[in-house]
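# please work out how this folds:
(one chain, ligands or ions: 1)
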Amino acid sequence: MKQRPDVCIAGAGIIGLTLALALDRRNLSVLVLSAGNALAEASVAAAGMLAVNDPENPAELLALSHYSRSLYPALLASLNTRAHVPVSFQTHSTLQVLPSTATDIASPLHALLPHAAPGDLRVLSLAEESLDPRELAPALLVAVRASRVRLHTTTPVHSVHETANSVSIKTVAGDMEAGLFVDCTGAWSLSSAHLPSLRIVPRKGQMLTVPTPASLAQGIVLRSHAVYMVPRLHGSRAGQTLIGATIEDAGFDRSLDDRQLHALLEAAAALLPELRDAPILDTWSGLRPATDDLLPALGRLPGSRRLFVASGHYRNGILLAPGSAEVLAQSMLGEAPAVPLHAFTPGRFAHPPS
Ligand code: GLY
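Predicted coordinates:
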């Protein structure tokens, strides 16, 4: 890299690349360094639900979730124009199964899904979309390559050091300088070297696919606290339904466990009996980046002028990517962020709010 970029981003997952495009739109020069290939980790393991209203989400995520979801139509339109790679929502409707004690919701599940388990399950019908991250990823990559953003893959960052006027970055390919640095390395966090209280650790999720059951074939996502089912209507997985996911503290181990995968399928079949004995077509795992409070870390590292982090998006990286990119770009340029960011302050673990 001959010319010093305004911003160096470590990590080429969906968070790093959407941020790179957001900064490029603001006429900053951006270099992205990826330890391996771009978009090879959690970003393509995800099911792709824009789960704004998932009751499992911390309440603090709601405003950022709504904001980020609102940016998706424009993001997909710009990928279509800039990358000429059409990506569209796969589904527009989610049925959220609630514990039967939630008596305020009166719709029985089997009235909405004819093949659903009988009983007094309660269900909330949500206008939430899903998309296929394996369609989104290549489109995003084409858009990045068509932009002024420079992307260096297989270039792990060893260390980052802030000086008065710049950031010096040691990489496997030699030393480089940038005006600002953003850690978007997810579960491979570089930020704890500067801020030990900010732990971002991997949480493994195992997933599988089965042939889409008739109940979901029109494009309905079915979700409970224990399991979710996400049908693919078009693209390479058309006719398949993703079932996920385990949540495991297993370090960087990605191994698959037949017993856990079958337990997921059983949890799905408990809601949709037509899934009993469904053949498993594919299995995989991904490593979600999790902070101690399961909220992302977005902003400047405390005590620093030039070091930022956008990471820890845990179960909602796809949903939160466009919004996180915008609010971080706004903060980096000294603008007021579109949604309040205090819940996501990187220093919150060192100095919890009183
Ligand atoms: N996005 C759902 C999950 O992490 O399992």
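# elements contacting the helix or strand harbouring Ser43?
Element membership of Ser43 [criterion: DSSP states H and E] is helix 42-45. Packing contacts for helix 42-45, counted by 3 or more C-beta pairs under 8 Å, 6 or more residues apart in numbering; DSSP states H and E, involve helix 133-146, strand 282-290, helix 317-332. C-beta here means a position set from N, CA and C on the backbone, and glycine is covered the same way.
# and the last one, anywhere near the ligand?
No - for helix 317-332, no contact with the ligand is found by C-beta under 6 Å from any ligand atom; the gap never falls below 7.3 Å.
# circling back: redo the helices and strands packed on helix 42-45 as a markdown table? Include mean pLDDT.
Listed next are those as a markdown table, based on pLDDT from 0 to 100:
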| stretch | mean pLDDT |
| --- | --- |
| helix 133-146 | 95 |
| strand 282-290 | 98 |
| helix 317-332 | 98 |
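# any idea which of these is most buried?
Comparing the helices and strands packed on helix 42-45 by mean neighbour count (mean count of other C-beta atoms under 10 Å), helix 317-332 ranks first with a mean of 25.
# which strands or helices does it pack on?
So helix 317-332, by 3+ C-beta pairs under 8 Å, 6+ apart, packs with helix 14-25, helix 42-45, helix 62-82, strand 180-183, strand 297-300, strand 307-311.
# I'd say Arg203 and Leu287 touch.
Yes - counting by C-beta atoms under 8 Å, Arg203 touches Leu287, with 7.1 Å between them.
# now name the helix or strand holding Ser168.
Going by DSSP H and E, Ser168 is in strand 167-171.
# partner strands of that strand, parallel or antiparallel?
Sheet pairing of strand 167-171 (DSSP bridges) gives strand 157-162 (antiparallel), strand 174-178 (antiparallel).
# and the ligand, which of these is closest to it?
Of all those, the one in closest proximity to the ligand, counting by C-beta to the nearest ligand atom, is strand 157-162 (25.6 Å).
# what is the mean pLDDT for the closest one?
The average pLDDT within strand 157-162 is 96.
# over to stretch 5-14?
98.
# quote the end-to-end distance of that stretch.
20 Å (C-alpha to C-alpha, to the nearest Å).
# buried set for that stretch?
For stretch 5-14, burial by neighbour count (16 or more other C-beta atoms under 10 Å) applies to 5-14.
# what does this protein have sitting close to the ligand?
46-47, 49, 205, 244-245, 288, 315.
# can you map out the strands along the stretch 101-250 of the chain?
Under the criterion DSSP state E, counting those that start in this stretch, the stretch 101-250 of the chain contains strands at 122-126, 150-152, 157-162, 167-171, 174-178, 180-183, 201-211, 220-223, 228-231, 240-244.
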